[in-house]
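Chemist: Model the structure of this input:
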Amino acid sequence: MNILLTNDDGIDGEGLLALADALSRVEGISVFVMAPDSNRSAVSSLLTMTKPMKFVRRRENWFSCSGSPVDCVIAGLRSSIFDGVKFDAVVSGINKGANLGTDVVYSGTCAAARQATLYGIPGIALSVESYDGNWDFSGMARFCAENVSRLVSLCTGELFVSVNGRSSDKYSGAVFSSLSVRDYKDQFRILADPAGKNPDLFYGFFVGSEISTAARSGASRDSADFFVTKEPADDGSFRVSVTRIFAEPSAADDSSLGF
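Modeler: Model prediction:
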């Protein structure tokens, strides 16, 4: 099995390195890496279309790219840079930070898996969250390595797979989960020209806030990805959330409506 690895944290990301190491130890798997040359978090499906990109070979079958995670997938699957290798799956991550519910819209990690699916290749996104500032990617790397064939089999047709877990060295199991709904309470702060010279000049910057999360309408709280990963099971252990997501946008059924 030939697997293309990418991420949005950058080619030197701890999660990517842990994942590559774990997968390379699995018999029958060949690992190829095409990842951004620096952090590209929250770029979603950004494409670089108006300027050339730079690729640097770090070692055999490892390349950095000056573009986005989606650029990396396109270059890996649709160029000659890997000498015509036929890929069986794209695995994106392990992201430093969860990609739960609404996060999927903004995530470069998930966008890479989505792009693979749009090209007819199984796409898997992996992410972990830390609640104490300590980051351990070994559990998720091991989970992927031990279950990669199963994860690939879940990517049927239009679906990619998003896997989330706590920062941990092990998990007690995996649970199929629904997507939660997240309210970021975003703000954008605007400042006048700090030099006070140009009344028509302004600067602005994004201001994050505490995120609130709830189960999607019609879904149980216990089945939502956020609560599956954050809250322990009855025995006190923590589980992995597995969510299958449509790569193509889905329209509402308006057949009964007039216009």
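Chemist: count of neighbours near Cys110?
Modeler: 31 (other CB atoms under 10 Å). For every residue, glycine as well, the C-beta is placed using N, CA and C.
Chemist: Hmm, I typed the wrong one, I wanted Gly133.
Modeler: 6.
Chemist: Let me know the secondary structure of it.
Modeler: Following DSSP: H, G, I helix; E, B strand; the rest coil, Gly133 is assigned to coil.
Chemist: Also the one 3 residues further on?
Modeler: Counting by three-state DSSP, the backbone at Asp136 sits in coil.
Chemist: if I look at it, how far off is Ser168?
Modeler: 6 Å (CB to CB, to the nearest Å).
Chemist: which residues are in contact with both of those two?
Modeler: Val128 (CB atoms under 8 Å, 6 or more residues apart in numbering).
Chemist: Please identify which of the two sits among more neighbours.
Modeler: Ser168 (20 against 16).
Chemist: List the residues that contact that one.
Modeler: So Ser168 contacts Val128, Asp136, Gly139, Met140, Phe238 (CB under 8 Å, 6+ apart).
Chemist: repeat that for 6 Å
Modeler: Asp136, Gly139 (CB atoms under 6 Å, 6 or more residues apart in numbering).
Chemist: ok, it to Asn147 distance?
Modeler: 15 Å.
Chemist: And for Pro122?
Modeler: Separation of Pro122 from Asn147 (CB to CB) stands at 13 Å.
Chemist: Those two: which has the busier surroundings?
Modeler: Between Pro122 and Asn147, counted using other CB under 10 Å, the more crowded position is Pro122 (23 against 17).
Chemist: was I right about the more buried one contacting Cys155?
Modeler: Yes. Pro122 is within contact range of Cys155, at 3.5 Å (criterion: CB atoms under 6 Å).
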